[in-house]
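K.L.:
here's a sequence, model it:
(chains A and B)
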Number of protein chains: 2
Amino acid sequence: MEKINVAEKLESFSEHFTPKVIAEVNGQSLKVVKALGEFVWHKHDDDDELFWVISGKLKMCFRDRDVIVGPGELIVVPKGVEHKPVADEEVEVVLIEPAALLNTGDAQSELTVHNPERI
Amino acid sequence: MEKINVAEKLESFSEHFTPKVIAEVNGQSLKVVKALGEFVWHKHDDDDELFWVISGKLKMCFRDRDVIVGPGELIVVPKGVEHKPVADEEVEVVLIEPAALLNTGDAQSELTVHNPERI
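P.N.:
Numbering: from 1, shown residues only, chains lettered A, B, ... in the order given. As a prediction, the model looks like this:
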């Protein structure tokens, strides 16, 4: 029951598209991630995914439109919905999703992270 | 799949100790709440509860110690652990917990909120 400082966790690493677990609550994990550039189109068949932007602007692309999500804003991508996160400049995000959720969902690639680190 | 602005949600009401649902992800709800003063000692037998402080300082009292949680910090209270949130000045918090979790847990009182509003 120690408190967790989100900014300090984000300052502790620099690599992109590598989610790291900072907390768990009722089977969901909070993960911090830095994004820069274009991710891959993918979906998660069984799980929703929540993106809470801490700094920067995240462009969440859906097949029919894009949504720009800024600091202090969040968006929930329901299970089964194809999406592609894009960050023209570095973005810091907290994800809420199951611990075991693969970041690339059904589109495994060199960006896929298995067993995200706990920091 | 609309984005949600946490600060705007918090600005939309003024009452204390009345959590309001702003998002759901995989069976967990994100709720915003304003706290001022002393809550009641309670625990949640079956559910963890996450407190993410947006503004102000939250004193989370446990039976053996207190933890001060400031803006950008969060703390997870595991299921079964007695706790009492205290806010000497107004604090804005995002909670992550099941939608149906009672804010007062096993200690129902006049502060108990049934069926929190969705805003």
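K.L.:
on the three-state scheme, the residue sitting nearest the centre point of chain A is what?
P.N.:
Nearest to the mean C-alpha position of chain A, by C-alpha atoms, centre = their mean, lies residue A:95 at 4.3 Å. Three-state call for residue A:95 (DSSP: H, G, I helix; E, B strand; the rest coil): strand.
K.L.:
tell me what it is bridged to.
P.N.:
Assessed by DSSP bridges, residue A:95 has beta-bridge partners residue A:31, residue A:51.
K.L.:
per-residue pLDDT, it?
P.N.:
pLDDT recorded at residue A:95 is 98.
K.L.:
cool, residue A:6 as well?
P.N.:
So residue A:6 comes in at 98 (pLDDT).
K.L.:
the residue nearest to the centre of chain A against residue A:35, yeah?
P.N.:
No. Judged on C-beta atoms under 8 Å, residue A:95 makes no contact with residue A:35 at a distance of 10.4 Å. Where you see a C-beta, it was placed from the backbone N, CA and C, and this is true even at glycine.
K.L.:
so where do the helices sit in chain A?
P.N.:
Here chain A has its helices, by DSSP state H, at A:6-11.
K.L.:
what does chain A have sitting close to chain B?
P.N.:
A:1-7, A:23-28, A:30, A:47-50, A:52, A:62, A:67-69, A:72-78, A:81, A:96-98 (C-beta under 8 Å from any C-beta of the partner chain).
K.L.:
just the buried ones from the residues you listed?
P.N.:
Neighbour-count burial (16 or more other C-beta atoms under 10 Å in any protein chain shown) applied to the residues of chain A next to chain B gives A:3-6, A:23-26, A:28, A:30, A:47-50, A:52, A:67, A:69, A:72-77, A:96-98.
K.L.:
where does pLDDT dip in chain A?
P.N.:
Counting by pLDDT under 70, chain A contains no low-confidence range.
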